[in-house]
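**Q** Give me a 3D structure for the following:
(one chain, ligands or ions: 1)
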Amino acid sequence: MSDRILVLVRHGQSEWNLKNLFTGWRDPALTEQGVMEAKRAGVRLKAEGLVFDAAFTSALTRAQNTCALILNEMGQGALEPVKNQALNERDYGDLSGLNKDDARGKWGEAQVHLWRRSYDVPPPGGESLRDTVARTLPYYVQEILPSVLRGNRTLVTAHGNSLRALIMVLEKHTPESILKRELATGSPIIYRLNADSTVEQKLDLAA
Ligand SMILES: O=C(O)[C@H](O)COP(=O)(O)O
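**A** Reported below is the predicted structural model:
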């Protein structure tokens with residue numbers, strides 16, 4: 001068994017998740033429930049016997065706080081995560097800050113679904129999932145993957161769509177199938193990688 005461990009966690013519930021607002025690069029805090037979800041993720045990872053050697057997170061507060069809460073819960077508060085906006089949520093452009101139901105009322109269900117769950121149709125002024133993959137994947141390949149392959153047990157706390165970019169590669173999804181992969185807030189997915197960076201074993205704690 002290798003020590004090539006990669007754990008992905010979507011941030012806990014944010015104030016804007018709760019209010020049903022498009023968030024993207026905006027920076028709301030975690031809700032009380034979000035804090036609890038992050039702490040619970042830490043408890044569960046500790047129960048799996050995990051200890052981290054490296055951590056990566058986005059430039060956004062909700063992902064950074066999720067990372068800190070997880071590490072504190074594991075008694076690893078001294079581990080300083082690397083922060084990079086390459087791991088930020090997909091930029092929702094002009095939709096940022098709008099209520100998702102109001103947007104459906106204005107543009108129709110089908111158009112809003114296309115913006116949220118198509119691979120290459122960007123919302124006005126924002127990023128498609130393909131655009132998000134194009135900035136997130138190079139960071140994964142250049143920074144995160146080498147850390148994992150060096151044997152660092154590595155934690156990544158980020159966002160629904162930036163994590164989809166990584167999961168697309170790890171789980172060999174197509175542009176169609178990745179869009180159906182929903183990520184629960186605060187639920188760790190533990191991957192053990194082979195030396196060639198393919199997945200040897202996956203444990204989804206949400207499942
Ligand atoms: O940025 C947001 O609004 C959410 O974090 C993700 O939104 P989605 O569910 O529309 O991808």
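**Q** Taking the chain, what residue is nearest to the ligand?
**A** When distances are taken as C-beta to the nearest ligand atom, the chain reaches nearest to the ligand at T23, 3.5 Å away. Where C-beta positions appear, they are placed from N, C-alpha and C, glycine not excepted.
**Q** Give me the contact list for stretch 28-45.
**A** Contact partners of stretch 28-45, identified using C-beta atoms under 8 Å, 6 or more residues apart in numbering, comprise 7, 9, 11-18, 61-62, 65-66, 69-74, 155, 185-188, 190, 205.
**Q** Stretch 33-43 and the ligand, are they touching?
**A** No. Using C-beta under 6 Å from any ligand atom, stretch 33-43 never reaches the ligand; the gap is at least 11.7 Å.
**Q** One more: stretch 134-152?
**A** No. Residues of stretch 134-152 are not located near the ligand by C-beta under 6 Å from any ligand atom, the shortest gap being 13.8 Å.
**Q** how long is that stretch end to end?
**A** Terminal residues of stretch 134-152 are spaced 25 Å apart (C-alpha to C-alpha, to the nearest Å).
**Q** Now do M36 against Y92, distance only.
**A** Per C-beta to C-beta, to the nearest Å, M36 is found 26 Å from Y92.
**Q** Between those two, tell me which one has more neighbours.
**A** Y92 (25 against 15; other C-beta atoms under 10 Å).
**Q** As CSV, could you dump the C-alpha coordinates of the top helix by length along the chain?
**A** Ranked by residue count and defined by DSSP state H, the top helix of the chain is helix 32-47. C-alpha atoms of helix 32-47 as CSV (Å, rounded to 0.1, in the frame of the first residue of the first chain):
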residue,chain,number,x,y,z
GLU,A,32,-22.7,27.6,11.7
GLN,A,33,-23.7,24.4,9.8
GLY,A,34,-20.8,24.9,7.5
VAL,A,35,-18.4,25.1,10.5
MET,A,36,-20.0,21.9,11.9
GLU,A,37,-19.6,20.1,8.6
ALA,A,38,-15.9,21.1,8.4
LYS,A,39,-15.3,20.0,12.0
ARG,A,40,-17.1,16.7,11.3
ALA,A,41,-14.9,16.1,8.2
GLY,A,42,-11.9,16.5,10.5
VAL,A,43,-13.3,14.0,13.0
ARG,A,44,-14.0,11.5,10.2
LEU,A,45,-10.5,11.9,8.6
LYS,A,46,-8.9,11.4,12.0
ALA,A,47,-11.0,8.3,12.6
